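Student: Show me how the following folds:
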Amino acid sequence: MSLSLHEPATDPLASPGAATALLEAYRPATDRFLATPHRTLLGRGTTAEIAHGEGPLSHRVRDTLDALRRPGTPAPVVVGSVPFASDGAAALAVPETVHWAPPLREDPLVALPVPHEAVRPQWRVREVPSPARYGETVAAAVARMRAGEFDKVVLARTLELASARRPDLRAMLRRLAQRDPAGYTFAVPSGPGRTLIGASPELLVARRDGRLTANPLAGSVPRSDDLAEDVRRAVGLLESAKDLHEHAVVVAAVREALTPFCRDLDVPERPTLVRTAAMWHLSTTVTGELADSDATALELASALHPTPAVCGTPTDVARAVIAESEPFDRGPYTGMVGWQDADGDGEWVVTIRCAEAEGRSLRLFAGAGVVAASTPEAETAETAAKFRTFLDAVGASL
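Tutor: Here you go, the predicted structure:
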């Protein structure tokens, strides 16, 4: 199937299978792929990269896109990822060509089986830190919170996967897309020889035609294969005082960050449920009308990042606790991945349920929100459940 170039508002006349065609056409290392509930994007080649430097990242992106704008042509688009660290270098680029299609969730072909791999990698898995050590870290954070030092911290752990052969990133991306076609599936270069790949359930913020949407998720419970138990867990999550408090803290932070940009902001009083293949999440959809039409999607995302859902509160204290507690650099994990065009419209997603691929290795990430009511056992189990999304995609297990 040939690829078509469309404006960011996807072509309603695009033929069935157009989104799957972009997914199948993805080439690791050079392409940038992003599927959202509203559109599918494939960027090819590189016209410009956003240099690391002084001043707000959103301004450097805006200036680059403005310089590349040409009359009578589609607005140029930047695609890529921004790291968790405030002083880290973003991996953002303007592709030479951008191909658009409707969302994968509307594509009947996305459910077709992934072509069989002749030989699937046999993975050696190393947990960093070990579950026991992670539990000790959670317990230490809980003790500090009960002493009044801070309110919440998100603590992560990683799985380091190594194999004798390179993983098939195209097959991996297809499996991730099939597992949650209504979510946010992505694969973008994250550094020399590295690819960030994943399937996030969480929209940080989207901007379109002067309106914004944010969808913070906080408060989670693993899914169950037993239907009755799965329903019980979902209901329990909606009634959990611990999880409702954790979610309320995140929503309050989102409201505080976005209010200065909006003449009108709608924040529902109670959360609803969002499910993925592995987890139930508490979810609140925040919408608003921008007061300043110059506020871009990346500017809004930068004002939100990092939310308490991926860092903690107060933010500065939580960042320090993370640096003291996690024996690894998060890199792009719990940063953001997405796109923005020269008109300022775009979508930025929280970079979770992801891995960074390099050579024959994969590094998977998962975290849990730790509050004073947390237990080491529950948070360790939550991270193990969150790893399932990616472990299933690569054919590995704990």
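
Student: What is the burial count for L273?
Tutor: Neighbour count for L273, taken as other Cβ atoms under 10 Å: 14. C-beta here means a position set from N, CA and C on the backbone, and glycine is covered the same way.

Student: Which helix or strand contains it?
Tutor: Under the criterion of DSSP states H and E, L273 resides in strand 272-275.

Student: so what does that strand touch, helix or strand wise?
Tutor: Helices and strands touching strand 272-275, by 3 or more Cβ pairs under 8 Å, 6 or more residues apart in numbering; DSSP states H and E, are helix 227-239, strand 279-283.

Student: Of the ones you listed, which is nearest E289?
Tutor: Of all these, it is strand 279-283 that lies closest to E289, at 21.3 Å by Cβ to Cβ.

Student: Out of the helices and strands packed on strand 272-275, indicate the one that is most buried.
Tutor: Among those, strand 279-283 has the highest mean neighbour count (mean count of other Cβ atoms under 10 Å), at a mean of 23.

Student: If you count contacts, what does that strand end up packed against?
Tutor: Here strand 279-283 touches strand 217-222, helix 227-239, helix 241-258, strand 272-275, going by 3+ Cβ pairs under 8 Å, 6+ apart.

Student: Can you lay out the ones you listed as a markdown table showing mean pLDDT?
Tutor: Formatted as a markdown table, the helices and strands packed on strand 279-283 follow (pLDDT from 0 to 100):
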| stretch | mean pLDDT |
| --- | --- |
| strand 217-222 | 92 |
| helix 227-239 | 96 |
| helix 241-258 | 93 |
| strand 272-275 | 94 |
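
Student: so which helix or strand takes in S58?
Tutor: With DSSP H and E as criterion, S58 is part of helix 57-68.

Student: Enumerate the positions of that helix that are buried.
Tutor: For helix 57-68, a neighbour-count test (16 or more other Cβ atoms under 10 Å) marks 57-58, 60-62, 64-65, 68 as buried.

Student: Tabulate the residues you listed in JSON lines, adding columns for distance to V251 and pLDDT.
Tutor: Shown next, in JSON lines, are these (distance: Cβ to Cβ, whole Å; pLDDT from 0 to 100):
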{"residue": "L57", "distance to V251": "25", "pLDDT": "96"}
{"residue": "S58", "distance to V251": "23", "pLDDT": "95"}
{"residue": "R60", "distance to V251": "30", "pLDDT": "95"}
{"residue": "V61", "distance to V251": "27", "pLDDT": "97"}
{"residue": "R62", "distance to V251": "28", "pLDDT": "95"}
{"residue": "T64", "distance to V251": "33", "pLDDT": "96"}
{"residue": "L65", "distance to V251": "31", "pLDDT": "96"}
{"residue": "L68", "distance to V251": "37", "pLDDT": "95"}
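
Student: Now render these as JSON lines, adding distance to A248.
Tutor: Formatted as JSON lines, the buried residues of helix 57-68 follow (distance: Cβ to Cβ, whole Å):
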{"residue": "L57", "distance to A248": "29"}
{"residue": "S58", "distance to A248": "28"}
{"residue": "R60", "distance to A248": "35"}
{"residue": "V61", "distance to A248": "32"}
{"residue": "R62", "distance to A248": "34"}
{"residue": "T64", "distance to A248": "38"}
{"residue": "L65", "distance to A248": "36"}
{"residue": "L68", "distance to A248": "42"}
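
Student: from the residues you listed, which single one is nearest P108?
Tutor: Of all those, P108 sits closest to L65, with 34.5 Å by Cβ to Cβ.

Student: So which of the buried residues of helix 57-68 is the closest to A171?
Tutor: V61 (31.9 Å).

Student: can you tell me how far that closest one sits from A177?
Tutor: Look at V61 and A177: by Cβ to Cβ, to the nearest Å, they are 27 Å apart.

Student: if I pick the nearest residue to D209 once chain neighbours are set aside, what's in contact with it?
Tutor: Of all residues not flanking D209 in the chain, D345 sits nearest, at 7.2 Å (Cβ to Cβ, 6 or more residues apart in numbering). D345 is in contact with 8, 207-209, 297, counting by Cβ atoms under 8 Å, 6 or more residues apart in numbering.
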